[in-house]
Structure formats: structure tokens, C-alpha cells
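> Fold the following for me, if possible:
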Amino acid sequence: MKKPVDHLTLNAADGEALIARVHRSNLPRADAETVEWVIRMYFHVVFALQEANISTKRLRSLLFGKHPAPSPLPQESFAPSQADGDEASVNALLEADVETDVTAHQAPPGESQGPERAKAQGGHRPGTGRLGAVAYAGATRVECRHEELSVGQRCPVCGQGNLYALPAGVEIRIDGNALLSAIHYELEKLRCSACGEIFTAGLPEGVGDEKYSAQARAVLAVSRYYLGVPGYRLQGYQAMLGVPVPDATQWDEIEVVGDCAYKVFAQMEREAAQGELIFQDDTAVRILALIKENSELFAQAQAQGLATPKARTGMHTTALAVQVGEHTAILYYSSRRHAGENLQGLLDKREAGLEKPLAMSDALSSNEVADESLLMRCHCLAHGRRKCSDLEAVFPYECRMVLEVISQVFDHDEQARKEQLSPEARLAYHQAQSQPLLDGLKCWLDQQIDAHLVEPNSALGKAIAYMQSHWETLTRFLSVPGAPLDNNLAERALKLFIRQRKNSLFYKSTQSAYIASVLTSLIATCLYAGVNAVEYLVALQEHRGEVFADPAAWLPWAYASSRASP
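Prediction:
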């Protein structure tokens, strides 16, 4: 198409006049209507861009229409229907936008705009979406009684009946405080006029000897490793509310919690090593001490004439989510070690004679252990799907073939989860419902490469090659009971450390990274077990001697039903 020589800007009046001239011209009626449509589309797009209320995806849909639905069989062509579909979708979108604009401008403020327009946009319907009083389990309970009335008293209104008790009414009031609050105790002092002895009043009963209580330390740990609030930000917030807590002091108190928790973390490692199913993944982390080491390594390499050092310079946080019977242990490690090396360290603690555990991960080589024969590897089917979903806009038909099959497989797995099928029943269900679909998909993938329908070095060819080369591990759920489809559990677990990285950027030393790993592991496992993490960390501090004597009794899932649980 020939590029216009100069820019042209029309206002609304010029556009309407141009449309009128088009209809008065000798153009056929269909052509005149097409020109009118183009002019009105011009004004609509210009308005949307000026108001910045249209996304790139929606603009593309307006101009080119939505991608047509592919034909069910690879041999059928979908090109002939594309033009019709584009025109229909563009017309429908344009007419819907015009109707919306006209309705919004013409309807009087007090009149209804139809059932769909009258529906509230966002928020909750009256009487829904509110939390009941039962949800506020941590609220302080205060009993409010009548000052003048009591049970058995004569009714002050009618004077005939007697009053009797009903279930109490409930009102909830939400207050706000600093994360850490302080109490100022003024201790009265008396001095003898003769001997000079000073007598100081004692603190109220229940007030500890330490400035920071176990509850305060637990709150600091949870705010840092669950909420991701960095020390300097909490320092500023506390100072604003008149209860200053320096960031260095926060670290000192968090370190006390870590000193009470590392024994439980080590016990949880030993328990997790005996698990049946392991999810693994890792993400980047920044540790200042290791970054400083990297600078020295690069300087030494340059002195030797090397571009990069031979020693490893990467830093990683690994998440291992392990199913141990009915429980789930979540372990974190932040160091130079990859996920595969951390998993190997866990397997080294595994007792001999146990069956091979299932290990779910993506197909990166960094997830592999030194001896893969020690486990049964599964690869994430969602990762294989993602490689095609990223290319859907470029290869709509080919990618749709893959996405639709995998979508049905995930629907089958969701149905098995809803029906709470046993691992064996789930395996039989997938073999009956999902295996025929995946067998057909495998044949189709092979055909694309064998018949040279896809360039092997293209993005689509590499996505297909990825699924072909890992087909057995991607479809492990079709042959092994209990094998998962995806690695979502480990990826969700990593979000806690990603949140910390986004807020705090780095850890100062390997020791601080280790304490972060210990406390985040216990907090994440508490969350998964439905345990109050703050109360749990308080209990570990108050029963430190018992924790060190028998750490197995203080695992998060054991604590939930132990005598220590409030």
C-alpha cells in the first residue's frame, strides 16, 4: 500500500461533511457505506488514543479482528473464513462501542439504562461479600451488659412480662495500631531520709524482664519474611507512630527467633527427605557478601587474561515443597547452589530401602541431581503449554492445536481432584480420558517435524522439539499413580522470596540469608498447615528447651495438635 505523503487531521464537523458528500456522490451505496465506516473508525480510534482508554490488544482487535477459531482437523484450511470473521468482529466491536457511547451520553442521569446498565460495576451486592463475626478469631472479646436491666426483671415497656436471656448480639470494630506497640511503665521510687535506701515499685505481674517480648519478635519475623517489609521501611513507620524500632535492632531480635527455630528446620529437612513427592524450583537472589566475592573473582580472572572466572558466581534461592504423608514441608535454601544440588543434599538424608520419590520440576539441567536414578523425574506440562501460548499470536492454528489438548487434560485433572479420586483411580481416569488426546497430539507433533511442515530452528519448531524430547516425563501422570501435571506448588512457594527480593533487594551475608531461609520455611509450612505463624514462633521462643530436646514434636503440623497449640 502506498504511504500518504502528508498528515491529515479531521475534526468532527469535517468528518460529518465528508460523509454527507460521499453519500451525495455517484459511488454505489455499498461503497459509500464502506467509506463511511472507515471515516467513523478513524474518529473512534483517534478518540480512544487521545483518551488513553484502549489497550494495544483491543486496538488490534478493532483494526484486524479477533483470531478466527481454527478448524478441528489439520487438513482443513481456515483462511477463507478469516476475512468474513474479521469484518464481522470489527463491525460488532464498533457498533458495541457506539451504542455504549450513545447510551452513556443520551440517558438522563435519573433514568434507568436497562437491566445490564443498571447493574453495579465492581464491589459487592448489598448483603454479600462481608466477613462474618466468626472470621475475627483474633479479636479481643468485650462483654457489654445492660446497666439497668437484668434477667428476671419486669419489662420496663409493658410492665407485664419478665426479661429472659437471648444469644448475644455481635458488633465488630476495627482499630489501627503500629506493628509494634510500647507500654511506658513509670515505677514509683521511695528513698529513706536516714539511710538513703531506694525502694522501687515492681512491674505488673506477667511483664517480662526483656524489653522485646516473644510476640514482638515473632511479629518482626513475620513482617520481614511473610509481608516482605524491609527493616528501614518498618523503622520509618514505627517512628511515625511514636514507637521507634531501628532496623539494626529488628535484625537482632529476628536473630533470636532464628536461634530458636533452626533445630526445627533441621528436623523438617530429615522428615522431608523421606517424602514421596518433591516439587522443586529456584529463582535469583542477591547476597552482598557473595557479590563482593564475585568482584574479587572477576578481578583475578582479568589478571589471568580470562573474560570470566572459572568459579561459580551465580546466587539462587531454591524452594522444595515436599509431601510427607498427609503433610507438606516447604524448604528454602539461598546460596550459590542450584535447585538440583539442594535436592541432592536432601536425598542424601533419605533412608535406604524406600521407594523412589517423584520429583517435579521444569526441564532445566540445573534441576537435575547428581544421580537421577535415585528418583522418578516428572516435568511440568504447564511449561510445555507456555512455550506454545507465547507463540499463539504468531502461529495461531498450530499453537491452538496444542493448547486445546492440554487444556482438556488439565480439566480432567481438576475433575479428578473434585471427585477426590485416589492416586490409582486418578491414574485410570487419565488413562481413559487424557491418554487418547495426548497420543493424538504426539502423532500430530511428530508429523509437523517429519513432514517438514514446521522449520525446526523456528520458535515453534523449538517448542515442539521441547515437548517431543521430554514427552515421557511430561506425561508421567499417565503411568505413575500420584504423578502431578505441573510445578505450580513450588512456583507459588517461591513467591515469598520473590516478594522479599522486590522489597529488600538483597541480604547482607550468607548468615542472614540462612536465617531468612529457616524462618521463611517455617512460616510457609505453617501457612500450608493452617497454623498461626505468629503464635507458632512465640511458642518456639517460650519453649526453647523443649524444642531443642524434641524438635519433631514442634514441627508446624505437629504443633497444630500438640499441647503447645493455644
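> Give me the below-cutoff pLDDT ranges for the chain.
Applying pLDDT under 70 to the chain picks out residues 1-8, 47-129, 560-566.
> what residue of it is the furthest out?
Centroid-distance maximum for the chain: residue 194 at 70.0 Å, with CA atoms, centre = their mean.
> Is that residue located within a helix, as I assumed?
No: under DSSP: H, G, I helix; E, B strand; the rest coil, residue 194 sits outside any helix and is assigned coil.
> ok, so what distance separates it from residue 187?
With distances taken as CB to CB, to the nearest Å, residue 194 is found 22 Å from residue 187. From N, CA and C alone the C-beta is placed, and that goes for glycine too.
> Now do the buried residues in stretch 28-47.
Of the residues in stretch 28-47, 32, 36, 39, 41, 44 count as buried by neighbour count, 16 or more other CB atoms under 10 Å.
> Let me see the ranges of the helices in the stretch 151-300 of the chain.
214-225, 231-240, 247-272, 288-303 (DSSP state H, counting those that start in this stretch).
> and the longest one, what does it pack onto?
With contacts taken as 3 or more CB pairs under 8 Å, 6 or more residues apart in numbering; DSSP states H and E, helix 247-272 sits against helix 214-225, helix 231-240, strand 316-324, strand 327-335, helix 510-529, helix 533-542, helix 544-549.
> Tell me which of those lies nearest to residue 359.
Minimum separation from residue 359 across the helices and strands packed on helix 247-272 (CB to CB) falls at strand 316-324, 9.5 Å.
> Which residues does that closest one contact?
Taking contacts as CB atoms under 8 Å, 6 or more residues apart in numbering, the residues outside strand 316-324 that touch it are 271-272, 274-285, 328-339, 342-343, 346, 489-490, 493-494, 497, 501, 517.
> Only the buried members of those: can you turn that into a PyMOL selection?
Buried residues within the contacts of strand 316-324, by 16+ other CB under 10 Å, are selected in PyMOL with:
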select buried, resi 271+272+275+277+278+279+280+281+282+283+285+328+329+330+331+332+333+334+335+336+337+338+339+342+343+346+489+490+493+494+497+501+517
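> Roughly how far does the closest residue to residue 197 other than its chain neighbours sit from residue 198?
Distances taken as CB to CB, 6 or more residues apart in numbering put residue 191 closest to residue 197, at 7.0 Å, once the chain neighbours are dropped. For residue 191, the distance to residue 198 equals 5 Å [CB to CB].
> swap in residue 258?
Taken as CB to CB, the span from residue 258 to residue 198 is 39 Å.
> For the helices and strands packed on helix 247-272, give me a markdown table that also has distance to residue 559.
Converted to a markdown table, these look like this (distance: least, CB to CB, whole Å):
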| stretch | distance to residue 559 |
| --- | --- |
| helix 214-225 | 13 |
| helix 231-240 | 27 |
| strand 316-324 | 15 |
| strand 327-335 | 12 |
| helix 510-529 | 8 |
| helix 533-542 | 6 |
| helix 544-549 | 10 |
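> now for those, which one comes closest to residue 448?
Of these, nearest to residue 448 by CB to CB is strand 316-324, at 35.0 Å.
> What segments of the protein are strands?
Along the chain, counting by DSSP state E, strands occupy 189-191, 198-200, 277-284, 316-324, 327-335, 358-361, 376-379.
> now residue 347, nearest residue through space, not along the chain?
Spatial nearest neighbour of residue 347, chain neighbours left out: residue 374 (5.5 Å); criterion: CB to CB, 6+ apart.
> picking up where we left off before, out of the helices and strands packed on helix 247-272, the one nearest residue 483 is which?
strand 316-324 (12.0 Å).
> Show me the strands paired with that closest one, marking each as parallel or antiparallel.
Sheet pairing for strand 316-324, assigned by DSSP bridges, gives strand 277-284 (antiparallel), strand 327-335 (antiparallel).
> Residue 425 is nearest to which of the ones you listed?
strand 277-284 (17.2 Å).
> mind saving the C-alpha coords of the closest one as PDB?
Extracted C-alpha coordinates of strand 277-284, given in PDB (Å, rounded to 0.1, in the frame of the first residue of the first chain):
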ATOM      1  CA  LEU A 277       6.600 -36.300  46.100                       C
ATOM      2  CA  ILE A 278       9.000 -33.300  45.700                       C
ATOM      3  CA  PHE A 279       8.400 -30.100  43.800                       C
ATOM      4  CA  GLN A 280      11.500 -28.000  43.100                       C
ATOM      5  CA  ASP A 281      12.300 -24.700  41.500                       C
ATOM      6  CA  ASP A 282      14.600 -21.800  42.100                       C
ATOM      7  CA  THR A 283      15.000 -18.000  41.500                       C
ATOM      8  CA  ALA A 284      17.700 -15.400  41.700                       C
END
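> Off-centre distance for it?
15 Å (CA atoms, centre = their mean, to the nearest Å).
> and that strand with helix 247-272, angle?
With axes from the mean of the first three to the mean of the last three CA atoms, to 10 degrees defining the directions, strand 277-284 sits at 150 degrees from helix 247-272.
> thinking again about what came up before, more neighbours, residue 258 and residue 198?
residue 258 (21 against 9; other CB atoms under 10 Å).
> what's the neighbour count on the residue lying closest to that one once chain neighbours are set aside?
Leaving aside its chain neighbours, residue 258 sits nearest to residue 515 (4.0 Å; criterion: CB to CB, 6+ apart). Other residues near residue 515 number 25, with proximity taken as other CB under 10 Å.
> pretty sure residue 515 contacts residue 252?
No: at 11.6 Å, residue 515 does not count as touching residue 252 under the criterion of CB atoms under 8 Å.
> who's in contact with the residue nearest to residue 347?
347, 350, 356.
> If you drop the residues flanking it in sequence, what lies closest to the last one?
Leaving aside its sequence neighbours, residue 356 sits nearest to residue 376 (CB to CB, 6+ apart; 4.9 Å).
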